[in-house]
Structure formats: structure tokens, C-alpha cells
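K.L.:
need a 3D model of the following:
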Amino acid sequence: MSGQEFDIRGLLRYFEQVTSTTPSYHIEFVDLYTTMNSTLDRGEVFARAEKFGDPPGVVKKGLFQIEYRLLEGEWKWVKQTSFAAGEMVAWD
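P.N.:
Residues are numbered from 1 along each chain as shown. Model (predicted):
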């Protein structure tokens, strides 16, 4: 998904493709932090997440920033930035 631009339908299609080939794939959000600035009609969500199952047995940690803007009276998702924070092998 690196460097690709998606609308929400494209993002859902991407996840559908990943989960159809790798059923163990899932993302768990560890922390979420939200800021809203109604004066600037802008909001941000910061998330720390762990991605499991891609490849099987590996946990990839990441950070996400999602930006929202108030456009024509509705909050719209306008930008997402993500950062890979390394990999860990999952041990049972």
C-alpha cells in the first residue's frame, strides 16, 4: 500500500485482497489520540498499531496519522500518513 492513493472503497478492496490471501492478517490498535480544531476546521487522529499475519508469525508495529477536514459541512478523511516502526517475531 506504500505510496498509493485510495478512496475508502479502494482501501477496503485492498484489505479484502490481503485478507483473502492471508486469512490470519489483522490490525490491532494499541493507542488512539484525537485532536480537533474547529476554528481551523481540522482534526487529526494519531494511532499506534500492530499488524499481525503478514507474513504469518510476524508482528509489525506502526504509527498512523489521519487528517480530517470539515468540507461542505461534513468531516472528510483527507490524508493518512503511516510509519513502520519495526518487526517482531510472534512467540507462542
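
K.L.:
any weak-confidence spans in this structure?
P.N.:
1-7, 86-92 (pLDDT under 70).

K.L.:
in it, which strand is the longest?
P.N.:
strand 74-89 (DSSP state E).

K.L.:
for it, packing partners?
P.N.:
strand 58-71 (3 or more CB pairs under 8 Å, 6 or more residues apart in numbering; DSSP states H and E). (C-beta placed from N, C-alpha, C; glycine too.)

K.L.:
list the buried residues for the strand it packs on?
P.N.:
Neighbour-count burial for strand 58-71 flags V59, K60, G62, F64, I66, Y68 (criterion: 16 or more other CB atoms under 10 Å).

K.L.:
that strand pairs with which strands?
P.N.:
Strand 58-71 has the following strand partners under DSSP bridges: strand 42-52 (antiparallel), strand 74-89 (antiparallel).

K.L.:
pick the most buried one from those.
P.N.:
strand 42-52 (a mean of 16; mean count of other CB atoms under 10 Å).

K.L.:
where's that strand relative to the chain centroid, distance-wise?
P.N.:
How far strand 42-52 lies from its chain's middle: 6 Å, per CA atoms, centre = their mean, to the nearest Å.

K.L.:
stretch 21-32 too?
P.N.:
For stretch 21-32 - counting by CA atoms, centre = their mean - the centre lies 10 Å from the chain centre.

K.L.:
who touches that stretch?
P.N.:
Applying CB atoms under 8 Å, 6 or more residues apart in numbering, the contact partners of stretch 21-32 are 18-19, 45-56.

K.L.:
how does it look with 10 Å?
P.N.:
With CB atoms under 10 Å, 6 or more residues apart in numbering as the test, stretch 21-32 has contacts from 15, 18-19, 45-57, 59-64, 66.

K.L.:
same deal with stretch 64-80?
P.N.:
So stretch 64-80 is in contact with 1, 5-8, 11, 27, 29, 32-34, 36-38, 40-49, 81-83, going by CB under 10 Å, 6+ apart.

K.L.:
now the end-to-end length of that stretch.
P.N.:
7 Å (CA to CA, to the nearest Å).
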